[in-house]
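Undergrad: Following is a predicted model, sequence given first.
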Amino acid sequence: MREEEMDLTVTLLSESFAESMMMASGYVKLLEFLVKNYLIERREMMPHNATLLGVYRENGEEDFELAGTVELTFDGKGANANPPTPTPPNNSPYICNMAVRKPLRRRGIGWHLLRAGEELITKMSSSREVYLHCRIIDEGPFNMYTKAGYSVVQTDSILTLLTLQRRRRLMRKELPTSEDASVVDAPPDDRLIDERL
Ligand SMILES: CC(C)(COP(=O)(O)OP(=O)(O)OC[C@H]1O[C@@H](n2cnc3c(N)ncnc32)[C@H](O)[C@@H]1OP(=O)(O)O)[C@@H](O)C(=O)NCCC(=O)NCCS
């Protein structure tokens, strides 16, 4: 994500958060303010982290649109000060804030973003164990992560519900070593997507 792409990314993430928290659309502006400040803070941690954007272009069209995003942490220096529970190891690569715009879902964009994220982690981090969180109620993302080779290492206690938060699963995948990095699993099909920093 370049600096000039931040506002579009803020809108995409805020809409996705509002959807997953079932918030009224009136709160999106507040969310946008919070998300923008978050992204500004996170950009200061580069190159220990990065935000990838996926863009989508219809066959034959010149114009493209922002389709999705994912945030990557490569090491402890880029880690979030207050990670969600169950807590991942501080020095391990971590994937979060994955979102695809609603009208563009189920076309393979999330899959490509995940694979692009894993490839970059393989290049940027010496650790091969990558972690991410997935809420128990989010079956779609859970299917995607399971299909991509992630497995559950820990689940939030039921007492988490007392904090008015959804229970999450911590998931982990062992990435191939960089020598094998070109052998990234094939996407579900050959749907077209550009991935760029
Ligand atoms: C999760 C998300 C990023 C997936 O993006 P996407 O571009 O729609 O995903 P893809 O089309 O690449 O799907 C890849 C695979 O994941 C699984 N999957 C994705 N969405 C699914 C859904 N709603 N229900 C069931 N399986 C789903 C499928 O196995 C799919 O492969 P298939 O289409 O060949 O069956 C998108 O749904 C999203 O932005 N959701 C809201 C935000 C969110 O929940 N983020 C994840 C936080 S943990």
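TA: Thanks, I have it.
Undergrad: Settle this for me: residue 120 is touching residue 52, isn't it.
TA: Yes. Here residue 120 reaches residue 52: they are 7.1 Å apart, a contact under C-beta atoms under 8 Å. To be clear about C-beta, it is placed using only N, CA and C from the backbone, and glycine gets the same treatment.
Undergrad: the more surrounded of the two?
TA: residue 52 (22 against 19; other C-beta atoms under 10 Å).
Undergrad: Tell me the bridge partners for that one.
TA: According to DSSP bridges, the partner residues bridging residue 52 are residue 70.
Undergrad: and if you look at residue 134?
TA: Beta-bridge partners of residue 134, counted by DSSP bridges, are residue 169.
Undergrad: Okay, now the unreliable bits of the protein?
TA: Within the chain, the stretches with pLDDT under 70 are 178-197.
Undergrad: For it, which segments count as helices?
TA: 6-20, 28-43, 109-124, 139-147 (DSSP state H).
Undergrad: which helices and strands sit right next to the shortest one?
TA: Applying 3 or more C-beta pairs under 8 Å, 6 or more residues apart in numbering; DSSP states H and E, we find helix 139-147 packed against helix 109-124, strand 129-135.
Undergrad: Mind listing what's buried along the last one?
TA: Residues of strand 129-135 classed as buried by neighbour count (16 or more other C-beta atoms under 10 Å): 130, 131, 132, 133, 134, 135.
Undergrad: which of the residues you listed sit farthest apart?
TA: Pairwise distances across those (C-beta to C-beta) peak at 18.3 Å, for the pair 130 and 135.
Undergrad: From residue 72, how far off is the spatially most central residue of the chain?
TA: Per C-alpha atoms, centre = their mean, the C-alpha nearest to the average position across the chain is that of residue 98, at 2.7 Å. Residue 98 sits 10 Å away from residue 72 when distances are taken as C-beta to C-beta, to the nearest Å.
Undergrad: same check, this time on residue 58
TA: From residue 58 to residue 72 the distance is 28 Å (C-beta to C-beta).
Undergrad: residues from this structure in reach of the ligand?
TA: 16, 20, 98-100, 105-111, 134, 138-141, 143-144, 147, 188 (C-beta under 6 Å from any ligand atom).
Undergrad: Buried ones from the residues you listed, can you make that a PyMOL selection?
TA: Here is the PyMOL command that selects only those of these that count as buried (16+ other C-beta under 10 Å):
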select buried, resi 16+98+99+100+107+108+109+110+111+134+138+141+144
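Undergrad: list the buried ones in stretch 49-60?
TA: For stretch 49-60, burial by neighbour count (16+ other C-beta under 10 Å) applies to 49, 50, 51, 52, 53, 54, 55, 56.
Undergrad: my guess is the second one contacts residue 69, does it?
TA: No. Judged on C-beta under 8 Å, residue 50 makes no contact with residue 69 at a distance of 10.8 Å.
Undergrad: what's around residue 75, how many residues?
TA: Residue 75 has 20 neighbouring residues, counting by other C-beta under 10 Å.
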